[in-house]
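J.: next come a sequence and a model predicted from it.
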Amino acid sequence: MNIPLKSFIFLLSVVIGVSSFLRPVFAETVYIGPDTEDGVVGAIERSKPGDTIVLKEGEYEGNITIKHPITLVASEGAGKVSIKAKDAKLPTISITSTNSVVIKNLSVYGSERSGIHVLNSERIILNDIYAEGSYYGVYFEGVSESKVMNSIFTDNETGLNIYKSDSNIIGENIISSNNDKGLVIYDSNDNLIFSNTVRSNYWNGITLWAAKRNIIRDNVVVNNTYAIVMNEQGGDNVFENNRTMRRLYFLLPIALIYLGVLFYFIEKKIFYRYYRLWRGRNFSPMETK
């Protein structure tokens, strides 16, 4: 079949144009140190979708905002790289209206709001995060199809708060010693909560509030004031193979009072018996007249 020259040139132009439009922008890996000029905040602002930003060992300060798909990772693990909120009134890290963001191996702290705040985003992965000393360790709001895995949340007001966020996975985390609640699932549905250790939080270990069709499976929820709490507005949640135990310290005063009363009556009975024996041996009938 013979194709006219003009048609061939037109088709070739279309192919070249489309291929140029679809040509991938090659992602870059950028290494940042604590002393790098304009720091991690500037590196993220200059980054392109798909870039990876690697933080070298040390402590960083700033309020980071992520609005496009990137990977932010520590070269040495969460114990070696930490980010402190420069302005405590803002989250340490904000992920806003984007997708496919990955954050790994970081410690975040020092925010009066959230260590990591994820808003209106999807397919976010938080892995090996150490979140401490903020109001919320991590706060999800309007988030879907995302994961929080292998992370530690401690010494926050609430360790992890999931609000109006559906179809997420929260697994294999340690949520402990937070000043209010451990994990809160509020008006959020179809989430999988599995294999987490939720212990020694001041009030509830896991709270479900107006939450539906969530699966709570294989979690250890111990030494909280209340283990798992839910309200009547939720429904169809599934609980499988969770190990729970409330904190027992509130029973201690009751136990001490009971033991005190018990010992009192025992001692009274023993004293009265010996008193009667002593009285019988030392008083004659004449003396008792």
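T.: Nice, I can see it. Numbers count the residues shown, from 1 in each chain.
J.: how far away is the residue nearest in space to the middle of the chain from Asn99?
T.: For the chain, the residue nearest the mean C-alpha position is Leu160 (3.3 Å; CA atoms, centre = their mean). Leu160 sits 20 Å away from Asn99, going by CB to CB, to the nearest Å. C-beta coordinates here come from the backbone N, C-alpha and C atoms, glycine included.
J.: try Asp187
T.: Taking CB to CB, one finds Asp187 at 22 Å from Asn99.
J.: lowest-pLDDT helix or strand in this protein?
T.: helix 5-22 (a mean of 48; mean pLDDT, DSSP states H and E).
J.: what is Gly58 paired to in the beta sheet?
T.: Beta-bridge pairing for Gly58 (DSSP bridges): Val81.
J.: quick revisit: export the strand or helix carrying the residue nearest to the centre of the chain to CSV, keeping only CA atoms.
T.: Per DSSP states H and E: Leu160 is located in strand 158-163. Written as CSV, here are the backbone C-alpha positions of strand 158-163 (Å, rounded to 0.1, in the frame of the first residue of the first chain):
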residue,chain,number,x,y,z
THR,A,158,-2.5,11.3,70.5
GLY,A,159,-0.3,8.9,68.7
LEU,A,160,-2.1,8.5,65.4
ASN,A,161,-5.4,10.1,64.3
ILE,A,162,-7.3,9.0,61.3
TYR,A,163,-10.1,11.5,60.3
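J.: quick one: strands adjacent to whatever helix or strand comes next after it?
T.: Counting by DSSP H and E, the next helix or strand C-terminal to strand 158-163 is strand 169-171. Partners of strand 169-171 in the sheet, by DSSP bridges, are strand 147-149 (parallel), strand 192-194 (parallel).
J.: and the contacts of the next helix or strand along the chain from the first one?
T.: Per DSSP H and E, strand 147-149 leads on to strand 152-154 as the next helix or strand towards the C-terminus. Contact with strand 152-154 is made by 78, 129-132, 137-138, 159-160, 173-178, 182, as judged by CB atoms under 8 Å, 6 or more residues apart in numbering.
J.: buried residues of stretch 84-103, list them for me.
T.: Within stretch 84-103, the residues that count as buried by 16 or more other CB atoms under 10 Å are 84-86, 90-96, 98, 100-103.
J.: how about stretch 162-171?
T.: Buried, per 16+ other CB under 10 Å, within stretch 162-171: Ile162, Tyr163, Ser165, Asp166, Asn168, Ile169, Ile170, Gly171.
J.: check the residues you listed and tell me the two furthest apart.
T.: The two members of the buried residues of stretch 162-171 with the most space between them (CB to CB) are Tyr163 and Gly171, at 18.8 Å.
J.: three-state assignment of Val41?
T.: helix (DSSP: H, G, I helix; E, B strand; the rest coil).
J.: distance of it relative to Thr71?
T.: For Val41, the distance to Thr71 - CB to CB - is 16 Å.
J.: low-confidence ranges, the stretch 101-250 of the chain, go.
T.: The model of the stretch 101-250 of the chain has pLDDT under 70 over residues 247-250.
J.: spit out the contact partners of Ala43.
T.: Neighbours of Ala43 in contact, by CB under 8 Å, 6+ apart: Val30, Ile32, Thr36, Ile53.
J.: measure the residue nearest to the third one when sequence neighbours are not counted to Val54 for me?
T.: Take Thr36 and drop its neighbours on the chain: the residue closest to it by CB to CB, 6 or more residues apart in numbering is Ala43, 7.2 Å away. Remark: distance between Ala43 and Val54 (CB to CB) = 10 Å.
J.: now do Tyr202
T.: Distance, Tyr202 to Val54, by CB to CB: 37 Å.
J.: just Ser47 next, same as before
T.: Note on Ser47: its distance to Val54, by CB to CB, is 12 Å.
J.: again with Ile185
T.: From Ile185 to Val54 the distance is 33 Å (CB to CB).
J.: rewinding a little: got any residues that touch both of Ala43 and Val54?
T.: With CB under 8 Å, 6+ apart, Ala43 and Val54 have common neighbours Val30, Ile32.
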